[in-house]
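S.K.: Requesting a structural model of the entry that follows:
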Amino acid sequence: MRVTIRDVAKRSGVSVSTASLALNNKPKVSPETREKVLRAAQELNYHVHHTARNLAVGMTYQIGLFTPVSLEHTFSSSDFFTKLIQGIYNAAQDKGYSLMLFVADEAADVAAQVDRWIRSRSVDGFLITHPSFQMPYLDVLRTNAIPFVFVGRPPETGHTSPISYVDNDNVQVARKATEHLLELGHRRILFINGPARFTYAQDRLQGYQDALQQYDVSLDPGLVKAAELTFVDAHHVTEQTLEEQDFTAIVVLNAMQALGSIQALAKHGLSVPQDISIVASNSALTAYIHPPLTTVDIFPYQLGFQAVQLLQRQIVEDAIDHAIVPCQLIPRSSTVALH
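M.R.: Numbers count the residues shown, from 1 in each chain. Predicted coordinates for the structure are as follows:
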């Protein structure tokens with residue numbers, strides 16, 4: 001016969017309610033009693049019936065991670081998502097949550113999936129990456145009053161209620177990258193940004209412009225390009241700009257864009273950093289790229305870890321907050337002083 005919590009309570013000489021408190025790590029039990037109950041459970045090979053516990057407390061102990069971009073884009077664009085997932089997973093484990101991943105190509109698909117999972121009561125809250133200026137799922141989340149945290153700065157939505165999010169100061173990320181090149185004497189700097197639909201792209205562009213203004217360098221609109229965070233798009237944009245503009249340095253968003261740019265330069269007989277210097281943001285892939293990339297590290301592991309902490313606080317305390325993870329410039333061999 002299956003061992004029940006009544007058997008554990010009887011074995012340890014406590015009431016069923018006390019045994020339940022001890023097994024669920026509640027604070028109203030003395031350390032001695034908890035140890036006695038846990039020892040009895042181990043001797044009887046008893047395991048907590050998680051489904052029954054979850055139904056009793058109205059919790060699933062599961063959080064959903066939504067990425068409103070394609071699966072191919074999510075996992076091929078860079079190592080950013082890998083590090084982000086590691087941080088989310090470890091923090092979720094620490095808080096006793098399981099993680100469910102949802103991927104949708106379009107924001108409208110996210111709205112439908114969010115609504116379906118809310119109705120099925122499968123998760124206690126959501127983490128959502130890639131906030132954009134078009135988020136039809138936001139009203140679904142708010143209408144159902146389910147906790148959610150954005151990984152990235154959400155746009156101004158017209159609502160008076162605040163939104164929890166964790167992000168870098170993306171203005172500062174691009175400013176640091178551009179300032180580094182300006183300090184090395186570069187003035188013609190190609191800026192390959194991300195898609196304009198995402199809020200971080202707006203912030204990165206602002207940081208690039210701020211750095212140029214600080215060094216009294218006029219903004220050349222022909223040196224500002226938008227591209228998906230992929231090798232192919234960056235390769236195309238770099239090659240196209242080479243035919244239209246002169247530049248001595250490039251700022252890109254990630255390692256895959258950097259690789260695309262480097263390949264395009266090589267195709268035209270140019271090398272990094274002898275002819276063109278290049279800076280990317282955050283990549284553990286830099287050790288596998290020649291030359292090693294100068295990067296602005298944005299610490300995606302910390303972004304993921306803190307996102308879960310904010311979500312757990314919202315689930316338990318209904319607390320709305322935000323966190324900013326700092327960035328750090330790491331100079332390497334892909335940037336040199338302009339001769």
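S.K.: in this structure, which spans are helices?
M.R.: 5-12, 16-23, 31-44, 50-57, 71-76, 80-95, 107-119, 137-144, 170-183, 199-214, 231-242, 255-267, 300-317 (DSSP state H).
S.K.: Asp233 - nearest residue in space that isn't next to it in sequence?
M.R.: Ala227 (3.9 Å; CB to CB, 6 or more residues apart in numbering). For the C-beta atoms, the positions are set from N, CA and C on the backbone; glycine is no exception.
S.K.: In this structure the one you found contacts His235, no?
M.R.: No. Using CB atoms under 8 Å as the test, Ala227 is too far from His235 to be in contact (9.2 Å).
S.K.: follow-up on the earlier one: now the weakest link among the helices of the chain, please, by mean pLDDT.
M.R.: Lowest mean pLDDT within those: helix 50-57, at a mean of 48.
S.K.: how close does Ala264 get to Leu99?
M.R.: With the distance defined as CB to CB, to the nearest Å, Ala264 ends up 38 Å from Leu99.
S.K.: And Pro221, by the same measure?
M.R.: Pro221 sits 42 Å away from Leu99, going by CB to CB.
S.K.: So between these two, which is more surrounded?
M.R.: Remark: of Pro221 and Leu99, Leu99 carries more neighbours, 17 against 6, as counted by other CB atoms under 10 Å.
S.K.: mind listing what the more buried one touches?
M.R.: Applying CB atoms under 8 Å, 6 or more residues apart in numbering, we find Leu99 in contact with Gln62, Ile63, Leu65, Ile88, Tyr89, Ala92.
S.K.: can you check Asp124 too?
M.R.: Going by CB under 8 Å, 6+ apart, Asp124 touches Met59, Thr60, Tyr61, Gln62, Ile63, Tyr97, Ile146, Pro147, Ile315.
S.K.: Please indicate which of those residues has the highest neighbour count?
M.R.: Result: Ile63 is most packed of the contacts of Asp124 (other CB under 10 Å), 26 neighbours.
S.K.: Domain-wise, how is this protein divided?
M.R.: 5-48, 62-168+300-326, 170-298 (automatic domain parsing).
S.K.: Identify whichever of the ones you listed lies nearest to Ala337.
M.R.: domain 170-298 (4.6 Å; CB to CB).
S.K.: Once you drop chain neighbours, what's closest to Asp167?
M.R.: Arg153 (4.7 Å).
S.K.: Next, count neighbours for that neighbour.
M.R.: 22.
S.K.: Tell me the spacing between it and Phe133.
M.R.: 11 Å.
S.K.: overlap in contacts of these two?
M.R.: Counting by CB under 8 Å, 6+ apart, the shared contacts of Arg153 and Phe133 are Thr199.
S.K.: now the helices of the chain as CSV including distance to Leu293?
M.R.: Formatted as CSV, the helices of the chain follow (distance: least, CB to CB, whole Å):
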stretch, distance to Leu293
helix 5-12, 56
helix 16-23, 50
helix 31-44, 50
helix 50-57, 45
helix 71-76, 18
helix 80-95, 14
helix 107-119, 31
helix 137-144, 35
helix 170-183, 11
helix 199-214, 17
helix 231-242, 13
helix 255-267, 6
helix 300-317, 16
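S.K.: Nearest to Thr248, out of those helices?
M.R.: Nearest to Thr248, of these and by CB to CB, is helix 170-183 at 8.4 Å.
S.K.: still on that earlier bit, since we're on the residue nearest to Asp233, how many residues are nearby?
M.R.: Using other CB under 10 Å as the criterion, the residues surrounding Ala227 number 21.
S.K.: Then Ala174?
M.R.: Count around Ala174 with other CB under 10 Å applied: 29.
S.K.: go on, Ser12?
M.R.: Neighbour count for Ser12, taken as other CB under 10 Å: 22.
S.K.: need the contact list for it.
M.R.: Ser12 touches Ala19, Thr33, Lys36, Val37, Arg39, Ala40, counting by CB under 8 Å, 6+ apart.
S.K.: in terms of contact, does the last one touch Ile5 like I think?
M.R.: No. Applying CB under 8 Å, one finds Ala40 not in contact with Ile5, separated by 10.3 Å.
S.K.: okay, these two: which has more neighbours?
M.R.: Taking other CB under 10 Å, Ala40 and Ile5 do not tie; Ala40 has more neighbours (21 against 18).
S.K.: Next up, phi/psi of the residue nearest to Asp167, please.
M.R.: Dihedral angles of Arg153 (phi, psi; degrees, to the nearest 10) stand at phi -70, psi 120.
S.K.: Could you measure from Leu293 over to Ile118?
M.R.: Leu293 is 41 Å from Ile118, by CB to CB.
S.K.: This completes my enquiry, with thanks.
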